[in-house]
Every structure is written in structure tokens, then in C-alpha cells.
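[1] Give me a 3D structure for the following:
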Amino acid sequence: MVGTAEPSRRHHADERVPVQDYLLPRGRRTLAVATGVLALAVTGLGSQARAASYGTPTLSLSAAYLSGAMGASGDPVVKVTVAQSGADAGALTVTVTKSSKTSVATTTDVTVTGTGATRQVAIAARGRGYTDLTVKVTGVDGQTATKTLHYAASAAVQQAADSRYFTGSSDASAAVDVGGGYAVVADDESNTLRLYDRSASGAPVKTWDFSSNIGVSKEIDIEGATRVGDTIYWTGSLGNNKDGEYKSARNTVFTTKVSGSGAATVLSYGGSYGKLRDDLVAWDEAHGDRYGFAAGTADGQVPKQIDGFNVEGLEFAPGSTTTAYLGFRAPLAPAVAGGKALLVPVTNIDKVVGSGATAVFGTPIELDLGGLSVRDLRKNAANQYLIVAGSWAADDNSDPYALYSWDGDPAHAPVKRLDLPTSDPGGWESVVAVPDLTVPGARAQLITDDGSADLYGDGTEAKDLTHPEWKKSRATWFTIGG
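    Sure, this is the predicted structure:
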């Protein structure tokens, strides 16, 4: 515009120079700029040094696979161990940020507790099935690390508050109390004995396998057990396998010695005997083939038939340390619907296993269990017995189960205490210990064999699950006293 002088580019550039620049001679100005650059450089290096002083956070899980149940009490938890170099572990944050199947569990169903380097992750299942949970640790500087927890949830059961789940095996078949709230539990799909805390769900505290001591490489099919003093007697089913084939390992009775108690229990090998089935067949044949043991053990004979041959109970006679009752799942006596349950006393069980003596048998006992057979047999020091009764055929919960008490006298009939629930997975297989049955409110803990159960709704039998942490048997307390 005429009459107006346009400011020069030089003038605009000068206006952007800080005022202090006008006041300093050129040499001092140069020094000030250099000093500023140095200060910025030092500041930047300090920030980098502080950032570099923290390492990448780490976390580890006590188990990568976990099983729970809908509505359960005391489900297992996973321990999470966290660390970050240069940082206090207590300042790290642990969260679960993602669930691959929210119908089983969402992130809001997860509770993280604990402080310091060790935290605990607990999950309240909302549905049956599987989900992968992302566990994340966040460091003090925002760095993160993650791990995946593979979670499986089974359906809700009756008496959920009184139930616990023993993991690592789904085929619990016999159990013996070892004091301090612990029990040793056998598995009919392996020869492993597992020590569990009876009050808590979770993995075994200890395990033992005496296959090499016994000299067997196949499953014994352990089905019964009892304790006298510091000795536990364990028996195989003595029958053929499910295809009707004879397998010598199943014809085994063995003992373990117990030292310590509770979580400090230690088992050591005692002895074994591999001809009890043969002795039973010879005895029965010598007495007119009364129970058909020869036919029940013949080639091709499936053991779980009304006229089959299968032992599932073992307990001592009242007041005895040498006479033990063998409780038969099959045959019934007689082998017809409504037949009685069979017990055969072995009067020298101590010598049979201790020195290999041929078994001597007493007068057989036939008990009216309402057409059911023996699935387990247990007594206390007062000679009060509990008998778990079930069908000779039932592998799961498809047929009735009941719990009977008995005084051990062959002339006295057992008394039904209760019908056991059958709408939940698994078949009732063992009773851990017998309380004083005269005390009102006395409770007994029973364990299921869940090996044939589809626990997680995907059609897979529990015994075939790929991860032992997902295999489990259910232990439930029942009130029976008074």
C-alpha cells in the first residue's frame, strides 16, 4: 500500500531473537547457546538413564492349566510370581485382561490377591467349558509382560459347598486316611498313589508309584485299600480287563508302609502277591463252584457283569489284623437281579502278602444291599462299617448308589443311611474314613471316579483329557451320624 513501508525480512527475524541476545556481546552469546545445548543434552541423558534402570517385567505361573467348577467352594488357585529389575515387586500390578470365551469366565470373574512378588489368581466360573485367560504384569514404568492361563470349568453339582476336587487324576478308586486331614488316593487307570489335602481342591501334595518294586509294567487296576497299624493293603480288581482279557498285573495285592502323617506322610514298599485270583477260583471250585468264579474269570468274560468277577472292597474283619474281607462288585449272590452283595474273608492276608502263603478263606458273607453290590468297604476303630453300594454295571452315575452302615457281624443286616446323588458326573467309588456313627451330625467323605464323565461338555471322557490338571475326581462330605 502507498505510503506504508513493508518491514524487511531481516527485521522479522530479529524480532524472534530472545531479548537477552541483544544484550550480550557475540562471544558471550555463543557461550550461552552452547551452555543451553549442553544442559539439554545432559537432561536427555538423565531421562534415558532413569528409563534404562528398569528391566522388562517378568511373570511366571505355578500352573499353565487350571480346573474349576461352577458354584464351587475352595477351587484351586494359580500363584503368579512377578519381578522387575530395579523395582520393588510390590509396586507391580497384576491383572487379567482378556478371556477367549466369556461364557465360561470373564475378566470380572477373576480375583487377584496378594502383595509383593507372589500373587494369587482365583476364578469363579460362570459356565461350563474352556477359556484362555491373559494374565498381565505391568511394571512401574509401564512396561508389560503376559502369560496365558488355560482354564476349564465343569458344571455345578449338588452339595457344592461340601465338595472338593482332587486333580491330577479322574479315576479315583480307593482312599485311605493318613491323619492330619490328608488321604492317599489310588487310581484304577495307573499305579500312582497320590496324597491330597482333604479340605482343599487341587493337585496332590506327593505321589508314589511302586510298579518297579512289584514287578509290573501295566495297570494293577487298584480298587480297594485298607490300613492296619502302619501298613496299607491295596488290591487290584483281580478280574479281566474290559475286553475280557486276563492281565496278570490286575491279579495283584500289595502293601505300603506308612511313616509320618498328614502332609509329611511317607510311603515305602512292603510286599506283594500275584495269585489271589487263582486262590479264589480254586477255593470256589472246591466248594461246588457256588459263585461261578471259574466262569467269571474265563477268557472273554467281561468283569462287570452280574455273573462276572471283580473285587472293589477291602477291609479287615472286626477286631482282626489278619482276616480281611474282599468285597465283590461282581458277581451278585446269586447272580440274578436282586441278588446279594458278596464278601469273602481272607483269613491270613498278612501271610499272603508278607510271605507269599496261599490264601485261606473263611465262610463267605452275603449282604442285602437292595440288589446293589460292593463299591467300597471301610470301618473305624469301633468296628462301625460303611459300605458304598452301587450297580455291578455302573461306570458313572446312571444307576443307583447308596450308603449303608454295618456292624461287621455276618448275622446282622446292613442299614441304609442314605441314597447317594446320581445326577452329577462320576460314580461313587470310595469312602475315606468312618466317623463315630452314633454322633449326631457326623460326616463322611466319599470320592467319585469321574474317568468316564464328560466334565467340560466337549465329549471328551475325563480319563482321556490331555492335561492332568484338568483331570479330577470329586470328594463330597455327607452327614450320616446320629
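
[2] What separation is there between V110 and V94?
    10 Å (CB to CB, to the nearest Å). (Each C-beta comes from the backbone N, C-alpha and C, glycine too.)

[3] Pull up the overlap in contacts between these two.
    V121 (CB atoms under 8 Å, 6 or more residues apart in numbering).

[4] State the distance from the residue most central in space within the chain to G55.
    With distances taken as CA atoms, centre = their mean, the residue of the chain nearest its centroid is T167 (1.3 Å). Summarising the geometry, the distance separating T167 from G55, computed by CB to CB, is 35 Å.

[5] before we move on, what about T256?
    As for T256, its distance to G55 is 48 Å (criterion: CB to CB).

[6] So for these two, which residue has more residues nearby?
    Set side by side, T256 and G55 give different neighbour counts by other CB atoms under 10 Å, the larger being at T256 (23 against 14).

[7] Next, count neighbours for G180.
    The number of residues packed near G180 is 14, by other CB under 10 Å.

[8] Phi first, then psi, for L403.
    When read as degrees, to the nearest 10, the backbone of L403 gives phi -120, psi 120.

[9] isn't it right up against Y385?
    No - with contact defined as CB atoms under 8 Å, L403 does not count as touching Y385 (10.8 Å).

[10] Can you give me the distance of the closest residue to L280 other than its chain neighbours to A225?
    In this structure, L280 finds its nearest non-sequential neighbour in F293, 5.6 Å apart by CB to CB, 6 or more residues apart in numbering. As judged by CB to CB, F293 and A225 stand 22 Å apart.

[11] Neighbour count for those two, which is higher?
    Neighbours around F293 and A225, counted as other CB under 10 Å, are more numerous at A225. The numbers are 25 against 22.

[12] Quick check: bridge partners of D449?
    According to DSSP bridges, the residues that bridge with D449 are G427.

[13] Could you double-check that it lies in contact with S169?
    No - under the criterion of CB under 8 Å, D449 is not in contact with S169, lying 9.6 Å apart.

[14] Name the residues contacting each of these two.
    With CB under 8 Å, 6+ apart, D449 and S169 have common neighbours S473.

[15] number of nearby residues for the residue lying closest to P410 once chain neighbours are set aside?
    Counting by CB to CB, 6+ apart, P410 lies nearest to I365, which is 4.5 Å off, once chain neighbours are set aside. Other residues lying near I365 total 20 when counted by other CB under 10 Å.

[16] what do you get for V110?
    With neighbours defined by other CB under 10 Å, the count for V110 comes to 19.

[17] Same check on G356?
    For G356, the number of neighbouring residues by other CB under 10 Å comes to 12.

[18] quick one: it from G271, how far?
    8 Å.

[19] for I480, same thing?
    I480 sits at a distance of 35 Å from G271 (criterion: CB to CB).

[20] next one: D88
    Noted for D88: a distance of 56 Å to G271, by CB to CB.

[21] Burial check on the residue lying closest to G371 once chain neighbours are set aside, number of neighbours?
    When the adjacent residues along the chain are set aside, G371 lies closest to G338, with 4.6 Å between them (CB to CB, 6+ apart). The criterion is other CB under 10 Å. On that basis, G338 has 10 neighbouring residues.

[22] Checking G338 next. Helix, strand or coil?
    When classified by DSSP: H, G, I helix; E, B strand; the rest coil, G338 comes out as coil.

[23] Look up phi and psi at it.
    Backbone geometry at G338, expressed as degrees, to the nearest 10, gives phi 90, psi 0.

[24] Which pLDDT value belongs to it?
    We have a pLDDT of 96 for G338.

[25] P76 too?
    In this model, P76 is scored at 94, pLDDT.

[26] just the one 4 residues further on next, same as before
    Predicted confidence (pLDDT) at V80: the value is 98.

[27] shaky segments in the stretch 1-150 of the chain?
    Under the criterion of pLDDT under 70, the regions of the stretch 1-150 of the chain flagged as low confidence span 1-52.

[28] how about 90 then?
    Across the stretch 1-150 of the chain, the ranges flagged by pLDDT under 90 are 1-53, 74.

[29] Where do the helices of it begin and end?
    Secondary structure of the stretch 1-150 of the chain (DSSP state H, counting those that start in this stretch): helices at 9-15, 19-23, 26-52.

[30] The closest residue to E469 other than its chain neighbours: neighbour count?
    In space, and not counting its chain neighbours, E469 is closest to Y65: 3.9 Å by CB to CB, 6+ apart. Around Y65 there are 17 other residues, counting by other CB under 10 Å.

[31] So Y65 sits against W470, correct?
    Yes - the pair formed by Y65 and W470 meets the contact definition of CB under 8 Å, at 6.1 Å.

[32] Residues that sit against both of the two, list them.
    The overlap between the contact sets of Y65 and W470 (CB under 8 Å, 6+ apart) consists of A152.

[33] ok, G68 to N251 distance?
    When distance is defined by CB to CB, G68 is 39 Å away from N251.

[34] again but with K257, I slipped
    K257 is 22 Å from N251, where distance means CB to CB.

[35] Specify which residue of those two has the higher count of neighbours.
    Neighbour tally, K257 and N251, criterion other CB under 10 Å: the higher count belongs to N251, 24 against 14.

[36] Looks like W428 contacts G390 (just checking).
    Yes - under the criterion of CB under 8 Å, W428 makes contact with G390 at 6.3 Å.

[37] so what's in contact with the two at the same time?
    By CB under 8 Å, 6+ apart, W428 and G390 have these common neighbours: 375, 401.

[38] gap between the two ends of stretch 193-207?
    Its start and end residues considered, stretch 193-207 measures 6 Å (CA to CA, to the nearest Å).

[39] how about it: buried residues?
    193-198, 200-204, 207 (16 or more other CB atoms under 10 Å).

[40] Redo these as JSON lines? Include pLDDT, secondary structure and distance to D162.
    JSON lines is the format used below for the buried residues of stretch 193-207 (pLDDT from 0 to 100; DSSP: H, G, I helix; E, B strand; the rest coil; distance: CB to CB, whole Å):
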{"residue": "L193", "pLDDT": "98", "secondary structure": "strand", "distance to D162": "25"}
{"residue": "R194", "pLDDT": "98", "secondary structure": "strand", "distance to D162": "21"}
{"residue": "L195", "pLDDT": "98", "secondary structure": "strand", "distance to D162": "21"}
{"residue": "Y196", "pLDDT": "98", "secondary structure": "strand", "distance to D162": "16"}
{"residue": "D197", "pLDDT": "98", "secondary structure": "strand", "distance to D162": "15"}
{"residue": "R198", "pLDDT": "98", "secondary structure": "coil", "distance to D162": "12"}
{"residue": "A200", "pLDDT": "96", "secondary structure": "coil", "distance to D162": "13"}
{"residue": "S201", "pLDDT": "97", "secondary structure": "coil", "distance to D162": "12"}
{"residue": "G202", "pLDDT": "96", "secondary structure": "strand", "distance to D162": "17"}
{"residue": "A203", "pLDDT": "96", "secondary structure": "coil", "distance to D162": "21"}
{"residue": "P204", "pLDDT": "98", "secondary structure": "coil", "distance to D162": "21"}
{"residue": "T207", "pLDDT": "98", "secondary structure": "strand", "distance to D162": "26"}
